[in-house]
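J.: Got a predicted structure plus its sequence, pasted below:
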Amino acid sequence: MASFQTLLLLISLSLLPLSLSSSSSSSIHDLLRSHGLPAGLLPKRVESYTLSGSGLLEVRLEGPCLTKFDTMAFYDSVVRANLTYRSLAGVEGLSQEELFLWLPVKDIVVDDPKSGLILFDIGLAHKQLSLSLFEDPPDCEPGEGVLKKKSRKEKGFEAQR
């Protein structure tokens, strides 16, 4: 009878949605490494993360922030993506500056780790960057209003010279 109840309990627990959660920033970086991705894709300022059984990764940062890889990168306070082996797909909350424009990063893929390259899909183009840029989690400076455009009236005429 006891083994039947144990079996019933195990079946019940297996039906609950799987969710991993952590408040340790090193854990998210270890999770990325275990999925064939470099730890430096996310900054050091991680408060917590959740990973659902379907692979939806949600990372909460201390706040929006800026860092630099080959160009400037902006992280929202929440970054989401579908995590699979060597891939973050459907990324939300990460933008890169390209030719004075901020473009959202859509996907991040490591096709062949031996190549030493990582692929960023920024919608209009695909960028191949060196994996070495992402070995360590970067420092990320607070960047609350970075992506807000200021009009000439806000800056004033003198600031335009």
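T.: Received the coordinates, thanks.
J.: and the helix or strand encompassing Ser48, what does it pack onto?
T.: Using DSSP states H and E, the element containing Ser48 is strand 46-52. With contacts taken as 3 or more CB pairs under 8 Å, 6 or more residues apart in numbering; DSSP states H and E, strand 46-52 sits against strand 19-22, helix 25-34, strand 56-61. No exception for glycine: its C-beta is placed from N, CA and C like everyone else's.
J.: so which of the ones you listed gets nearest Phe120?
T.: Phe120 lies closest, by CB to CB, to one member of the helices and strands packed on strand 46-52: helix 25-34, at 14.9 Å.
J.: can you give me the angle that closest one makes with strand 56-61?
T.: Per axes from the mean of the first three to the mean of the last three CA atoms, to 10 degrees, the angle that helix 25-34 makes with strand 56-61 is 140 degrees.
J.: Asp30 touches Pro38, doesn't it?
T.: No - with contacts counted by CB atoms under 8 Å, Asp30 stays clear of Pro38, the gap being 11.8 Å.
J.: With neighbour numbers in mind, choose between the two.
T.: Applying other CB atoms under 10 Å to Asp30 and Pro38 shows that Pro38 carries more neighbours, namely 20 against 13.
J.: isn't the more buried one right up against Leu32?
T.: Yes - contact status for Pro38 versus Leu32: in contact at 6.8 Å, counting by CB under 8 Å.
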